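Student: Let's see this in three dimensions:
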Amino acid sequence: MRIQFLICAFALAAFAIAANATSITVSDPGDAGTGVCGTTCTLRQAIATATAAGGGNIVFANPPTLTYPATITLGGQPLSITKPMTITGPGAGALTISANNASQVFVVSAAASISKLTIADGNMTGSAGNNGAGGTPGSSGIAGGPGGTGGPGGLAGGACVQVANTGALVLDHVAVRHCIASGGSGGAGGAGGSGDLNPMDIPSAGGAGGNGAAGGNATGGAILVYGTLSLLNSSVVDGEVHGGAGGNGAPGGIGNSGGSIVFGASGISGVGGAANGGAIFVAAGSLRITNSTIADGSATGGTGGAGVTNTQNLTSGGAGGAANGGLIRVDPSATLADIEFSTFAGGQAVGGSGGTGQAPPFTGPSGVASGNAISAGTTATALSSVIVDVQSGVSLCDGQVVAAGGSANLSDDNSCSGFTVHPLPGTTLKAIDASATPAYMPIWGSPAIDAAANCQDLTSQNVATDQHDTHRPQGPKCDLGAIETDYIFVDGFGN
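Tutor: Numbering: from 1, shown residues only. Prediction:
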């Protein structure tokens, strides 16, 4: 029995609580968060009402009470789901929940289902590390004190959605857009204290400069998973993670040695923070993606701290941060990663630039980049899926991305194990934006058309529709990826 059967059983049991609860209707598009629902009800108040009842089902009022399309703009605090509940919107094109680039959008620590809406504009930045204190001056025969080490940059992740280790989240017919997580910059080292420079005193050395700290890591620009995530008939686009910059190393203090001016050793520059999973980072728990599109995401490692340039003890810059998974990173501690009838396109992993310096090798080494689309530290099993669009010389897949036995999958290079490689990268799909959930349709003559032997998922269940609810199959067999080709539109001339 696959682990995901147990996951589904847990989620269904939790949703049974919500199914028996009174439905709560959101009637106010604002974000007032005081108390529970009264004569009017915001989404935040609806969540509070459901939480107080131990669970609930949240829906949205029909016109003219609410006018669509509508945007609920959060006021700087994410929406927290701590009890089993469902939130059902009027459609991804009709309703957007936006954090306005001021916070996360949802933090989920219980069983929950969110469907038929757009989650957008989440932004999370880790705190900057404190700079190290300067060393104390020396005195006759006593060296200057060492500079303090900078504090590490803060972590950031899940700018639109974070699923805690107690959370089991289903996103169905949801568009997740424009989510950015950035690690905090590392603190600079403190300058070493000066020694006693009076030639009449006992010689006194300068203190060592403090080391710069590492930049903070950024994980899962759109979604960070510690628990369980099922992404169904949905899209995640424009997710970004940026590792924080490393802190600068500090110069050593000037000192006196037998009448000669000498400098204490300079501090080492901090490394840039790592960037993992531009769209989704699975730190633990499980991930299942079905009939969904993950696209146009990026992971960029942080820049290394600058080396010391203003003393006789010149140093090189710090190393740039690593970048793993322009679209998805699955850590080794994850228990399950299944990808079914889904499309991955336009991912990019870019290692951070090394910091500048004035000692060999002068500029620090750039960070290593892996997996423009997917980086998997545990097995990520793909069935009837498409992973395309090679960029910047980095392979599409890194680690254990494998095709399910006997299944067909399509990619632009040979880095995804068991996939069929198409010889003309970037020519298999056409971008479409139907129902506000972006996707990529196979173009005429694409090898994705009718390439799946059947329309069953990894649990041998029929997949009857595609991401936009088009019936599968349209031809004699199912197409690969999130979209089943509609022959009215496949040549681009339909209407």
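Student: since we're on A284, how many residues are nearby?
Tutor: Close neighbours of A284, defined as other C-beta atoms under 10 Å, add up to 15. Heads up, the C-betas are built off the backbone N, CA and C, glycines and all.
Student: So what does it have for phi and psi?
Tutor: phi -160, psi 180 (degrees, to the nearest 10).
Student: contacting residues around it?
Tutor: Each residue near A284 by C-beta atoms under 8 Å, 6 or more residues apart in numbering is listed here: N165, V225, Y226, G227, D331, S333, A334, T335.
Student: which among these end up buried?
Tutor: Burial by neighbour count, judged by 16 or more other C-beta atoms under 10 Å, picks out V225, Y226, G227, D331, A334 from these.
Student: Show me which of the contacts of A284 is closest to G302.
Tutor: Checking the contacts of A284 against G302 with C-beta to C-beta, the nearest one is D331 at 18.9 Å.
Student: dump the residue contacts of the closest one.
Tutor: D331 touches N276, F281, V282, A283, A284, G377, T378, counting by C-beta under 8 Å, 6+ apart.
Student: List the ones among these that fall in strands.
Tutor: Judged by DSSP state E, the subset of these located in strands is N276, F281, V282, G377, T378.
Student: now the residues you listed: which count as buried?
Tutor: Buried among the ones in strands among the contacts of D331 by 16+ other C-beta under 10 Å: N276, F281, V282, G377.
Student: can you list the residues you listed in a markdown table and add pLDDT?
Tutor: Below are those laid out as a markdown table (pLDDT from 0 to 100):
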| residue | pLDDT |
| --- | --- |
| N276 | 97 |
| F281 | 97 |
| V282 | 97 |
| G377 | 95 |
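Student: Could I have the CA atoms of stretch 196-215 written out in PDB?
Tutor: The C-alpha trace of stretch 196-215 is given here as PDB (Å, rounded to 0.1, in the frame of the first residue of the first chain):
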ATOM      1  CA  ASP A 196      49.500  50.000  21.300                       C
ATOM      2  CA  LEU A 197      51.500  51.900  18.700                       C
ATOM      3  CA  ASN A 198      53.500  54.000  21.100                       C
ATOM      4  CA  PRO A 199      57.200  53.000  20.400                       C
ATOM      5  CA  MET A 200      58.000  53.700  24.000                       C
ATOM      6  CA  ASP A 201      55.600  51.000  25.200                       C
ATOM      7  CA  ILE A 202      55.900  47.200  25.000                       C
ATOM      8  CA  PRO A 203      55.000  46.100  21.500                       C
ATOM      9  CA  SER A 204      51.300  45.300  21.100                       C
ATOM     10  CA  ALA A 205      49.700  43.400  18.200                       C
ATOM     11  CA  GLY A 206      46.400  44.300  16.500                       C
ATOM     12  CA  GLY A 207      43.400  42.000  17.100                       C
ATOM     13  CA  ALA A 208      42.100  39.700  14.400                       C
ATOM     14  CA  GLY A 209      39.100  40.900  12.300                       C
ATOM     15  CA  GLY A 210      35.800  39.200  12.800                       C
ATOM     16  CA  ASN A 211      34.400  36.700  10.300                       C
ATOM     17  CA  GLY A 212      31.300  37.600   8.200                       C
ATOM     18  CA  ALA A 213      28.300  35.400   8.700                       C
ATOM     19  CA  ALA A 214      26.500  33.200   6.200                       C
ATOM     20  CA  GLY A 215      23.500  34.600   4.400                       C
END
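Student: how about that stretch: buried residues?
Tutor: For stretch 196-215, by 16+ other C-beta under 10 Å, it's 196, 203-215.
Student: For V59, state which of these is nearest.
Tutor: For the buried residues of stretch 196-215, the nearest to V59 is G215 (42.9 Å; C-beta to C-beta).
Student: hang on, the earlier thing: sort out for me which of the buried residues of stretch 196-215 are in helices.
Tutor: Secondary structure from DSSP state H places none of those in helices.
Student: Would you format those as JSON lines with distance to P442 and pLDDT included?
Tutor: Converted to JSON lines, the buried residues of stretch 196-215 look like this (distance: C-beta to C-beta, whole Å; pLDDT from 0 to 100):
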{"residue": "D196", "distance to P442": "76", "pLDDT": "87"}
{"residue": "P203", "distance to P442": "77", "pLDDT": "87"}
{"residue": "S204", "distance to P442": "74", "pLDDT": "90"}
{"residue": "A205", "distance to P442": "70", "pLDDT": "90"}
{"residue": "G206", "distance to P442": "67", "pLDDT": "89"}
{"residue": "G207", "distance to P442": "65", "pLDDT": "91"}
{"residue": "A208", "distance to P442": "61", "pLDDT": "91"}
{"residue": "G209", "distance to P442": "58", "pLDDT": "91"}
{"residue": "G210", "distance to P442": "56", "pLDDT": "92"}
{"residue": "N211", "distance to P442": "52", "pLDDT": "94"}
{"residue": "G212", "distance to P442": "49", "pLDDT": "94"}
{"residue": "A213", "distance to P442": "48", "pLDDT": "95"}
{"residue": "A214", "distance to P442": "43", "pLDDT": "95"}
{"residue": "G215", "distance to P442": "40", "pLDDT": "96"}
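Student: nearest to G55, of those residues?
Tutor: Of all these, G215 has the smallest distance to G55: 40.5 Å, by C-beta to C-beta.
Student: And that closest one, how far from R44?
Tutor: Distance of G215 to R44, given as C-beta to C-beta, to the nearest Å: 33 Å.
Student: wait, what's in contact with G141?
Tutor: G141 touches D196, D201, I202, P203, S204, counting by C-beta under 8 Å, 6+ apart.
Student: one more time with 10 Å
Tutor: The contact partners of G141, taken as C-beta atoms under 10 Å, 6 or more residues apart in numbering, are G195, D196, D201, I202, P203, S204, A205.
Student: how about the helices in the stretch 301-450 of the chain?
Tutor: Counting by DSSP state H, counting those that start in this stretch, the stretch 301-450 of the chain has no helices at all.
Student: Sketch out the low-pLDDT regions of it for me.
Tutor: Applying pLDDT under 70 to the stretch 301-450 of the chain picks out residues 311, 423-427, 434-435.
Student: before we move on, the earlier item: out of the contacts of G141, what pair is the most spread apart?
Tutor: Within the contacts of G141, D201 and A205 form the most distant pair, 12.4 Å apart (C-beta to C-beta).
Student: Now the common contact residues for these two.
Tutor: G138, G141, I142, G195, N256.
Student: Restricted to helices, list the residues you listed.
Tutor: Among the shared contacts of D201 and A205, no member falls in helices (DSSP H).
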